[in-house]
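Visitor: Quick one: sequence and predicted model below, then my questions.
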Amino acid sequence: MNNYSVLMSVYHKENPTFLEEAFESIWNQTFQTDDFVLVCDGPLTNELDEVIEKHQSTHNSIFHTIRLSEQKGLGNALSIGILACKNEFILRADSDDISFPVRAEKEIENLENNNVDVLSSTVLLFSGSISNINGKRKLPSMNQEIIDFAKYRSPFNHPSVAFRKSIVLKAGNYQPLIYKEDYFLWIRMIQLGARCMNIDEPLVFMRSDDKTLKRRKNKDSFESQKKLLKYMGKTHFIGPLVYYKNGFMYWVQYIAPNWLVRYYYNKHLHK
């Protein structure tokens, strides 16, 4: 198989223990990377720097750190990291999630053998430790199903995504849209004719707790969702009926109490 780059971003509010676990899960892959790009989005805490320096010294030949002088946000940080990745195939990894050892092997194999541009996998949601699984997010697996699904919700699990660098750059790279950077990119890639796939198998443990829920419900997320919806309507990715249906659902999620949103996610979306 062709080799691949790993792309990760970290900022000062991250947990050093979670970052350590994320790093270890990448080094423990059955198919090893030869290029790990870490973007430090602004100054970090001493504890985070210690974790990074430890892994930098151990994997110096393949571990490349980009330090931004100020925090620019996830979209900007990832767009800078993409340009620094040396391989065509890129594996996205979050700084607080844990990849299964076979993740890279299976995702790169599927990108190659199925001539796919972007894919992700099922993820297992957990809180605290991976022994405490509280749900999973499974998505449509075939190209047309994914395109149809994208009209309502993000069609890929971002912490388990792998893609071709060339199609991401052709679509304009990651762009700043707080909490929705990934969804915005997937839509633009689909509009360019990107070939999509989801692996019907969990390959990442994704951290999910009340903090995750609050991010989905805050004002910045709601405003980004509205901007994304306008883009989808303006470019005719969705029609008027879906436009107003989605707008109503986003508004309901924004005003609904946390316990109700948590119940809906647990019982229906992350069952």
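Guide: Thanks, I have the structure now.

Visitor: can you tell me how far Thr122 sits from Phe205?
Guide: 11 Å (Cβ to Cβ, to the nearest Å). Heads up, the C-betas are built off the backbone N, CA and C, glycines and all.

Visitor: Tell me the helix or strand right after the helix or strand hosting Ile90.
Guide: Under the criterion of DSSP states H and E, Ile90 resides in strand 89-92. As assigned by DSSP H and E, the chain's next helix or strand after strand 89-92 is strand 98-99.

Visitor: Next secondary structure after that following strand?
Guide: With DSSP H and E, the next secondary element past strand 98-99 is helix 103-113.

Visitor: and the gap between Ile238 and Arg195?
Guide: For Ile238 relative to Arg195 (Cβ to Cβ), the value is 21 Å.

Visitor: From the rest of the structure, what touches the strand holding Ile90?
Guide: Identification of contacts with strand 89-92 by Cβ atoms under 8 Å, 6 or more residues apart in numbering yields 2-8, 33, 78, 82, 103-104, 107-108, 111, 158-165, 168.

Visitor: ok, Ile238 and Arg195, which is more surrounded?
Guide: Ile238 (20 against 17; other Cβ atoms under 10 Å).

Visitor: Can you give me the buried ones in whichever strand or helix holds Ile167?
Guide: Following DSSP H and E, one finds Ile167 within helix 165-170. Residues 165, 167-168 are the ones in helix 165-170 that count as buried (16 or more other Cβ atoms under 10 Å).

Visitor: Now tabulate the residues you listed in TSV and tack on distance to Ile178 and pLDDT.
Guide: Formatted as TSV, those follow (distance: Cβ to Cβ, whole Å; pLDDT from 0 to 100):
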residue	distance to Ile178	pLDDT
Lys165	24	98
Ile167	23	97
Val168	19	98
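
Visitor: Kindly reformat the residues you listed as CSV and extend each row with distance to Leu48.
Guide: Shown next, in CSV, are the buried residues of helix 165-170 (distance: Cβ to Cβ, whole Å):
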residue, distance to Leu48
Lys165, 27
Ile167, 32
Val168, 27
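
Visitor: So which of those is the closest to Gln144?
Guide: Ile167 (17.8 Å; Cβ to Cβ).

Visitor: Quick check: that closest one touching Leu119?
Guide: No - assessed by Cβ atoms under 8 Å, Ile167 is found out of contact with Leu119, at 11.7 Å.

Visitor: rewinding a little: how about the helix holding Ile167 as PDB, C-alpha atoms only?
Guide: Output of helix 165-170 as PDB, limited to C-alpha atoms (Å, rounded to 0.1, in the frame of the first residue of the first chain):
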ATOM      1  CA  LYS A 165      -4.900  15.400  -0.400                       C
ATOM      2  CA  SER A 166      -5.500  16.400  -4.000                       C
ATOM      3  CA  ILE A 167      -9.300  16.400  -3.800                       C
ATOM      4  CA  VAL A 168      -9.300  18.300  -0.500                       C
ATOM      5  CA  LEU A 169      -7.100  21.000  -2.100                       C
ATOM      6  CA  LYS A 170      -9.300  21.000  -5.200                       C
END
